[in-house]
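> Below is the sequence, then the predicted model.
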Amino acid sequence: MKKIVGIFAFSLLLHASTSTTNTLTLDQALQLLKTKNLEIKAAKFDELSAKEDIDAISGKNWGKLTFTQDIARSNDAGNVFGFKLASREAVFRDFGFAQFGSINIDTPPDDLNYPGYKSFFQSKLKYEVPLFTGFMLSSYTDIMKKMQEMKSLDKSKIKTQKEYELKKSFYDMALLDSSIKNLNRILDNINILENTTKTMIDVGYAKKVDLLEVKAKKGNVERLLVQMNSNKKLLYHYISFLLNQKVDHIQTPAAEVAMPGMSDEEILDHNVDLKKAATGLKITKDMLSASQAAYYPTLGAFGEMSTADDTFLGDADKHKAYTIGARLSWNLFDGGIDAAKIEKSKIQKLKMRSQVELAKKGILLKIAKIRTEIEGVDVEIASLKKELDLANAIYENYEGRYKEKLVSMSDVIIKQSAQIEKILQLQIAQNKRTEKILALEKLANGEN
């Protein structure tokens, strides 16, 4: 018996867990969005890629270690003599000393000019490091860091956009549910009116045309309900697309979307586009520094170790050689090319500064426009709610008067049409308000 009770309790718990999982709240959806949305994932990869660019530039400060293995076979006089010198195996015979004393001094030495074939294996390890680059490497490292910051802001902007779309879908679903509920209530009233009309026809107080008018209006309401239910299915498809998983039931927000309590300055502080513009301005400053590096000399050092023989690593320790050195390079004149590049960088910096100011004024204009539109929609919604209450009261009044044969069915249908029209107008206005508030929130990078 205990086992049966335990199994039953586990089944209830599992069912409750499944139900909770299938009913997705807005907060849960927003958390899923961060990890599941494919566009946000792609933006994260762009951010990681930008980090690798930083490492690639920073790595140049550590220099470069290369290993070279040469394998050759030649009877070219210069090559053969060079091979022997590199292998530390040159002898006097190589200079033609074997022919001295028996020939004229102007006679070409055969051992030097016509050597036989020689194999050559040289292993070389070389390390090169930049000591001073005129601040170019540090400038490009800073640029790459700013580019990573830019990619991070791009990711933040995509995330904010997707959060906006997800929130709007949830609030649209709530408004659709509210409208469907109101239309179903009207449909119930029409069904009651239809039955009343049939009864009145039976006793001779109504005509068949009255019933046809009721059925026509009923068909119109049913058509609207089909449209709204289709819109709900489309919203579920879109939410599933945003979350990259199947979603078939959500818990709609109970309250209307709240008006952001942020000031204009706070919105500007959070705005991603302004942050991107400010980062772009910093990049132009770093680009100017990179251009000015052309006026400085560059200094690098290197160290090299090698060994050579006619076999691979033959007598490696005996034939080893070392070289260390440094190189200073300074471009003293290039026809004014560097100066032109620096002037161009200065112009780009001034242009970017103007764009930052323009972006700020543009955002302020958007904020003012949205706030004004929200104020207008709030007035419209308050008025439509009163008009809907009046339309409901008038319809109920005309429905009662029809039963008393004081008005015609056409009068009742007209009042019901006005009632439905107000419901649809209210939904449109509420949708508009939600969209505007979420747009204002989006300007603040999703902060509310």
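Perfect, thanks for sending it. A quick note: this is a predicted structure, and the numbers were derived from the prediction, not measured.
> Low-confidence stretches in the stretch 101-250 of the chain?
101-107 (pLDDT under 70).
> again, only using 80
Scanning the stretch 101-250 of the chain for pLDDT under 80 picks out 101-114, 205-206.
> which residues of it fall in helices?
110-113, 136-202, 208-243 (DSSP state H, counting those that start in this stretch).
> Go through the shortest one and flag the buried ones.
Okay, so that is helix 110-113. 111-112 (16 or more other CB atoms under 10 Å). Where C-beta positions appear, they are placed from N, C-alpha and C, glycine not excepted.
> What of stretch 57-74?
residue 57.
> average pLDDT for that stretch?
Averaged across stretch 57-74, pLDDT comes to 92.
> Now do that stretch: distance to the chain's middle.
Distance, stretch centre to chain centre, for stretch 57-74: 38 Å (CA atoms, centre = their mean, to the nearest Å).
> quick revisit: output the helices of the stretch 101-250 of the chain as CSV; include the columns distance to residue 29.
Shown next, in CSV, are the helices of the stretch 101-250 of the chain (distance: least, CB to CB, whole Å):
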stretch, distance to residue 29
helix 110-113, 86
helix 136-202, 6
helix 208-243, 6
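> Please identify which of those is closest to residue 388.
With distances scored as CB to CB, the stretch of the helices of the stretch 101-250 of the chain nearest to residue 388 is helix 136-202 (8.5 Å).
> elements contacting that closest one?
Contacts defined by 3 or more CB pairs under 8 Å, 6 or more residues apart in numbering; DSSP states H and E place helix 136-202 against helix 26-36, helix 38-58, helix 208-243, helix 272-292, helix 337-403, helix 409-443.
> Let me know which of the helices of the stretch 101-250 of the chain is tucked in deepest.
When you average the neighbours per residue for each of the helices of the stretch 101-250 of the chain (mean count of other CB atoms under 10 Å), helix 136-202 leads with a mean of 18.
> rewinding a little: so for residue 327, which of the helices of the stretch 101-250 of the chain sits nearest?
Comparing these by CB to CB, helix 136-202 comes nearest, at 15.9 Å.
> relative to helix 38-58, how tilted is the closest one?
180 degrees (axes from the mean of the first three to the mean of the last three CA atoms, to 10 degrees).
> all numbers from here: first residue = 51
Okay, residue one is now 51; in that scheme the one you just asked about reads as helix 186-252.
> re the thing from before, nearest to residue 358, out of the helices and strands packed on helix 186-252?
That would be, of the helices and strands packed on helix 186-252 and by CB to CB, helix 88-108, which comes in at 33.8 Å.
> Would you mind telling me which of the helices of the stretch 151-300 of the chain is nearest residue 314?
helix 186-252 (18.0 Å).
> same for the top strand by length along the chain, what does it pack against?
Longest strand in the chain by number of residues, with DSSP state E as the criterion: strand 168-182. Strand 168-182 is packed against strand 114-124, helix 127-136, strand 348-359, with contacts defined by 3+ CB pairs under 8 Å, 6+ apart.
> if we go to 10 Å?
strand 114-124, helix 127-136, strand 348-359, strand 370-379 (3 or more CB pairs under 10 Å, 6 or more residues apart in numbering; DSSP states H and E).
> and the ones you listed as JSON lines, adding distance to residue 211?
What follows is the helices and strands packed on strand 168-182, written out as JSON lines (distance: least, CB to CB, whole Å):
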{"stretch": "strand 114-124", "distance to residue 211": "43"}
{"stretch": "helix 127-136", "distance to residue 211": "64"}
{"stretch": "strand 348-359", "distance to residue 211": "45"}
{"stretch": "strand 370-379", "distance to residue 211": "48"}
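> what's the closest of those to residue 82?
Between the helices and strands packed on strand 168-182, strand 114-124 lies closest to residue 82; by CB to CB that is 45.8 Å.
> quick one: the closest one to strand 168-182, angle?
Using the same axes, to 10 degrees: strand 114-124 against strand 168-182 is 160 degrees.
> Strand 114-124 versus strand 348-359: what angle between them?
Going by the same axes, to 10 degrees, strand 114-124 makes 40 degrees with strand 348-359.
> Can you list the strands that strand 114-124 pairs with?
Strand 114-124 has the following sheet partners, assigned by DSSP bridges: strand 168-182 (antiparallel).
> ok, so what distance separates residue 294 from residue 205?
16 Å (CB to CB, to the nearest Å).
> Provide a list of residues in contact with the nearest residue to residue 257 once chain neighbours are set aside.
Spatial nearest neighbour of residue 257, chain neighbours left out: residue 251 (7.0 Å); criterion: CB to CB, 6 or more residues apart in numbering. Contacts of residue 251 were listed using CB atoms under 10 Å, 6 or more residues apart in numbering, and they are 257-261.
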